[in-house]
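>>> Quick one, structure for this:
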Amino acid sequence: MPRFARYRVLAAVLAALAPPLIAADGGAANPSVRSEASYILVGFVGGFVRHDNPHHGPVQLAKRAREFFPKSAHIQVFENRHRRTAYKTIVRLLDSNRDGKLSGEEKSRAHIMLFGQSWGASSAVLLAGDLDRIGVPVMLTVQVDSVAKPWQHDDVIPDNVAAAVNFYQPHGIIHGRSLIRAADDSKTQILGNYRFDYKLSPVKCEGMSWVDKTFTPGHMESECDPQLWGQVESLVRERLEPESISLAELPQP
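Next comes the predicted model:
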């Protein structure tokens, strides 16, 4: 057998034995299937939480969203420190012809929504800024008890974002930013800065650490508050085209 033929056979065997690429949400990454996502919903968890921790709001929202988003949508949750990976994922999904660059048409077809809690909320705003620098629009950003790291700025929403909303609670060592504003009011609608007070209306959280319960109870409760995350879900649903919503979600006659 010629040498080049042996190399081809060896490469085929190695490819067959190699494990599948794993996406950040734990699923197998398949660029060929997900290269033309109708919607891209990206969330970030806060602190040092894992992207698949089922007790945290962003993970729960992503799970529910898979039930009503169209099958062609890409829904993924990342650790807040993996913003660059999220950025590369979005660019890959938008690059439908896989030429390694985004055309004006590919950018115009983007239907992206970003959300997060705590450091994850700040990551969502920063990711919107990353996309702004390459001219990719974002439909919505949602910040839940947003906390910026020392070198970050999560208070100004870049002008590629059509709408933004901020939910926060004011108590404790760690509490969220109370006010966000648009870099350009003519391009971004600030839907509101909504205050939740868990001293008045406490929420019971399951599966949280004793550290969170002892030192940052209010911040923790913003992570698991069903009322708050129900509002986030409603905002996300509102931005789906009517024909894209799963038939199972439509009211029965």
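>>> average pLDDT across stretch 87-106?
Across stretch 87-106, the average pLDDT comes to 95.
>>> buried ones in it?
Buried residues in stretch 87-106, counting neighbours by 16 or more other CB atoms under 10 Å, are found at 87, 89-95, 102, 106. For every residue, glycine as well, the C-beta is placed using N, CA and C.
>>> if you look at the residues you listed, which of them are in helices?
87, 89-94, 106 (DSSP state H).
>>> From Gly120, how far off is Asp185?
Separation of Asp185 from Gly120 (CB to CB, to the nearest Å): 26 Å.
>>> next one: Gly129
For Gly129, the distance to Gly120 - CB to CB - is 15 Å.
>>> higher neighbour count, those two?
Neighbours were counted for Gly129 and for Gly120 using other CB atoms under 10 Å; Gly120 has more, 32 against 18.
>>> so what's that one up against?
43-46, 58, 80 (CB atoms under 8 Å, 6 or more residues apart in numbering).
>>> From these, which land in strands?
The strands, defined by DSSP state E, take in 43-45 from these.
>>> Let's see if you can find the most crowded of those.
Scoring the ones in strands among the contacts of Gly120 on neighbours with other CB under 10 Å, the highest-scoring entry is Gly43 at 32 neighbours.
>>> By pLDDT, give me the weakest of the contacts of Gly120.
pLDDT across the contacts of Gly120 is lowest for Gly46, at 91.
>>> my guess is that residue contacts Gln117, does it?
Yes: with contact defined as CB atoms under 8 Å, Gly46 counts as touching Gln117 (4.6 Å).
>>> Pick out whichever of the two has more residues nearby.
Between Gly46 and Gln117, Gln117 has the larger neighbour count (other CB under 10 Å), namely 35 against 27.
>>> which ones are touching that one?
So Gln117 contacts 44-46, 56-58, 144-146, 222-223 (CB under 8 Å, 6+ apart).
>>> From Arg81, how far off is it?
In terms of CB to CB, Gln117 sits 14 Å off from Arg81.
>>> Pick out the most distant pair among the contacts of Gln117.
Spatially, the most separated pair among the contacts of Gln117 is His56 and Ser146, at 15.1 Å (CB to CB).
>>> neighbour count winner among the two?
Each of His56 and Ser146 has its neighbours counted (other CB under 10 Å); Ser146 has more, 30 against 27.
>>> Phi first, then psi, for the more buried one.
When read as degrees, to the nearest 10, the backbone of Ser146 gives phi -70, psi 130.
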